[in-house]
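> coordinates only, no sequence provided:
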């Protein structure tokens with residue numbers, strides 16, 4: 001085993017891009033941990049937030065840090081207490097590392113563990129050749145699943161959790177935002193039994209992909225009165241449920257106003273700033289339920305996403321973006337900032353690309 005590795009570092013708790021290092025020590029694992037040789041890691045919006053060092057990062061991120069959490073690779077070492085993982089296992093990782101002991105963990109809500117650690121946020125992550133993590137936070141991969149597809153479990157799982165929270169079976173569902181995660185909400189809603197899926201976005205090309213991934217109706221929400229269009233499709237009632245992936249205040253408000261009385265709105269996207277709501281008129285008097293999700297249900301959401309991925313609506317090629325060597329992270333970042341579609345993947349070993 002080599003002793004040093006390449007990796008990206010967030011070196012200080014201030015605004016600034018990551019720094020490529022070639023002298024990082026390979027992590028030493030604890031008794032309950034595994035060491036993963038990283039095959040590839042996807043770039044998440046959270047990774048961009050960390051570079052910006054916004055208010056969320058100030059609260060949740062501990063620098064210096066190796067970021068990156070949407071990853072897949074091979075186990076190359078196991079701690080002495082690890083019994084259900086072995087060297088050679090192909091795994092992906094759950095980024096919410098739960099304690100397993102608190103009230104929430106004991107009541108099947110490990111995704112909001114009271115003692116949560118966040119892989120790639122307050123413990124070192126996977127923008128590196130090797131990463132360590134609790135064995136209990138790894139997910140075994142089917143033999144026919146690619147590493148690239150496995151990287152999608154963590155980010156797309158958040159949206160499938162949103163679909164689960166919306167209880168979509170038999171319902172009319174509105175999905176706001178048709179980036180990779182929103183597209184997964186569209187296909188997930190159809191796969192898990194939604195009667196009708198309406199998708200909206202500000203870009204027509206994204207709406208066309210939403211149609212391909214199962215949306216029954218699509219609207220450019222910058223060009224129409226979305227609540228009115230939804231009511232037209234539902235006999236004046238409104239959608240039964242709405243899933244907002246954007247985190248944008250206007251989209252959240254529009255989602256609330258697009259559901260029927262006693263409907264449910266699920267927030268998946270994180271607002272970057274406070275959102276002012278008319279609670280009395282939009283929520284209370286209409287008995288609309290507004291809720292949010294945090295990560296994935298462990299492991300129900302992972303299993304549900306496996307169903308979605310193998311179903312008739314999900315198209316992996318529509319959510320995948322470019323592939324880059326880890327040393328070329330700046331190129332990937334420039335493409336993301338330039339509006340390139342899809343989830344970008346970085347590879348510590350260029351031979352794996």
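Perfect, I can see it now. On a predicted model such as this, the values are computed, not experimentally measured, just so you know.
> the stretch 201-350 of the chain: helices as residue ranges?
For the stretch 201-350 of the chain, the helices defined by DSSP state H, counting those that start in this stretch occupy 204-212, 226-233, 249-258, 300-309, 316-319, 329-337.
> remind me which residues of the stretch 101-250 of the chain are low pLDDT?
Along the stretch 101-250 of the chain, no part satisfies pLDDT under 70.
> mind listing the strands for it?
In the stretch 101-250 of the chain, the strands defined using DSSP state E, counting those that start in this stretch lie at 117-118, 130-134, 138-140, 172-176, 196-201, 217-220, 239-244.
> output the contacting helices and strands for the lengthiest helix in the chain.
In the chain, assigned by DSSP state H, the helix with the most residues is helix 153-166. Packed against helix 153-166, as judged by 3 or more C-beta pairs under 8 Å, 6 or more residues apart in numbering; DSSP states H and E, are the following elements: strand 70-78, strand 90-93, helix 180-191, strand 239-244, strand 259-267, helix 300-309. In short, each C-beta sits where N, CA and C put it, glycine included.
> OK, contacts around residue 167?
Applying C-beta atoms under 8 Å, 6 or more residues apart in numbering to residue 167 gives the contacts 241, 264.
> and for the residue most central in space within the chain, nearest residue in space, chain neighbours not counted?
The chain has residue 155 as the residue nearest its centroid, 2.2 Å off, counting by C-alpha atoms, centre = their mean. Spatial nearest neighbour of residue 155, chain neighbours left out: residue 70 (5.1 Å); criterion: C-beta to C-beta, 6 or more residues apart in numbering.
> pretty sure that neighbour contacts residue 41?
Yes. Counting by C-beta atoms under 8 Å, residue 41 is a contact partner of residue 70 at 6.1 Å.
> report the set of residues contacting both of these two.
Shared contacts of residue 70 and residue 41, defined by C-beta under 8 Å, 6+ apart, are found at 126, 151.
> so between those two, which is more surrounded?
Ranked by neighbour count (other C-beta atoms under 10 Å), residue 70 and residue 41 place residue 41 first, with 31 against 28.
> ok, what's across the strand from that one?
Under the criterion DSSP bridges, residue 41 forms beta bridges with residue 71, residue 346.
> distance of residue 109 relative to residue 96?
Applying C-beta to C-beta, to the nearest Å, the value for residue 109 to residue 96 is 11 Å.
> for residue 112, give me its contacts.
Residues in contact with residue 112 (C-beta under 8 Å, 6+ apart) are 104, 294.
> for it, give its distance to residue 326.
32 Å.
> same question, residue 259
Residue 259 is 43 Å from residue 326, by C-beta to C-beta.
> looking at these two, which one has more neighbours?
residue 259 (27 against 22).
> contact partners for that one?
Residues near residue 259 by C-beta under 8 Å, 6+ apart: 174, 238-242, 265, 288.
> ok, back up a step: between the helices and strands packed on helix 153-166, which one is nearest to residue 250?
Comparison of these against residue 250 by C-beta to C-beta identifies strand 239-244 as nearest, at 10.4 Å.
> can I assume residue 138 is in contact with residue 97?
No. Counting by C-beta under 8 Å, residue 138 does not reach residue 97; the two are 10.5 Å apart.
> compare these two and say which is more crowded by neighbours.
The neighbour comparison of residue 138 against residue 97 (other C-beta under 10 Å) goes to residue 138, with 23 against 20.
> who is that one paired with across the strands?
Here residue 138, judged by DSSP bridges, has bridge partners residue 93.
> so who does it touch?
Here residue 138 is in contact with 34, 36, 75, 85, 89, 91-94 (C-beta under 8 Å, 6+ apart).
> same list (those residues) but as a markdown table, adding neighbour count.
Formatted as a markdown table, these follow (neighbours: other C-beta atoms under 10 Å):
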| residue | neighbour count |
| --- | --- |
| 34 | 26 |
| 36 | 28 |
| 75 | 20 |
| 85 | 17 |
| 89 | 18 |
| 91 | 22 |
| 92 | 25 |
| 93 | 29 |
| 94 | 26 |
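> so which of those comes closest to residue 306?
Ranked by distance to residue 306 (C-beta to C-beta), these are led by residue 92 at 10.9 Å.
> if we compare the strands of the stretch 101-250 of the chain, which one ends up closest to residue 20?
Minimum separation from residue 20 across the strands of the stretch 101-250 of the chain (C-beta to C-beta) falls at strand 130-134, 15.5 Å.
> residues in contact with that closest one?
Strand 130-134 is contacted from outside by 5, 26-30, 32-38, 66, 68, 71, 73, 76, 93, 97, 119, 124-125, using C-beta under 8 Å, 6+ apart.
> filter those to the buried ones?
5, 26-27, 29, 32-38, 66, 68, 71, 73, 76, 93, 97, 119, 124-125 (16 or more other C-beta atoms under 10 Å).
> which ones among these map onto helices?
Taking DSSP H, every one of the buried ones among the contacts of strand 130-134 sits outside helices.
> got the contact list for the residue nearest to residue 52 when sequence neighbours are not counted?
Leaving out its chain neighbours, the residue that sits closest to residue 52 by C-beta to C-beta, 6+ apart is residue 15, at 5.9 Å. Contacts for residue 15 (C-beta under 8 Å, 6+ apart) come out as 51-53.
> do residue 237 as well
The neighbours of residue 237, taking C-beta under 8 Å, 6+ apart as the test, are 231, 260.
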